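Enquirer: With the input below, show me the fold.
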Amino acid sequence: MIQQILDYARETYQTEPEYLWVRMPEAAVLRNAENDKWYAVMMKISKDKLGMKGKELVWILDLKCEPMLIGSLLEMDGYLPAYHMNKMHWIGVLMDGTVRKEQILELLDLSYHLTEGRKT
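Expert: Okay, here's the model as predicted:
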């Protein structure tokens, strides 16, 4: 599903993933081309760092989100407080199939649009 998300971002927003961290070479950042703001971060994180049991690595997708929507999403399976981002404005999504691809793409669209606007 990771590749499908990256393909969608490329086709819809002409966004290429950026790999910024030596310690996490597979972690990808997606930026809004108009202002360089991040709208998505994909990374493999240990379950225990996400408040889950175990040390197994899992893929997550952090997305910018409306604060009022975050509370509702956190009540559903597959959604977590964003890892290493502002938890009031970002949501984490497990990329293990728990959340439907269509839902993830809707949130990706929302995240992109929330980053539109003034240049940084």
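
Enquirer: most residues in a single helix of this structure, which one?
Expert: For the chain, the helix with the greatest residue count under DSSP state H is helix 101-114.

Enquirer: What residues of it count as buried?
Expert: 104, 107, 108, 109, 110, 111, 112, 114 (16 or more other CB atoms under 10 Å). Backbone N, C-alpha and C define where each C-beta goes, glycine included.

Enquirer: and which of those is nearest residue 32?
Expert: Checking the buried residues of helix 101-114 against residue 32 by CB to CB gives residue 112 as the nearest, at 6.2 Å.

Enquirer: tell me the contacts of that closest one?
Expert: By CB atoms under 8 Å, 6 or more residues apart in numbering, the contact set of residue 112 is 12, 13, 32, 39, 40.

Enquirer: okay, now the residue nearest to the third one when sequence neighbours are not counted: neighbour count?
Expert: If you skip the residues right next to it in sequence, residue 32 has residue 115 as its closest partner in space, 4.3 Å away by CB to CB, 6 or more residues apart in numbering. Around residue 115 sit 19 other residues, with neighbours defined as other CB atoms under 10 Å.

Enquirer: Repeat that for residue 1.
Expert: Other residues close to residue 1 by other CB under 10 Å number 14.
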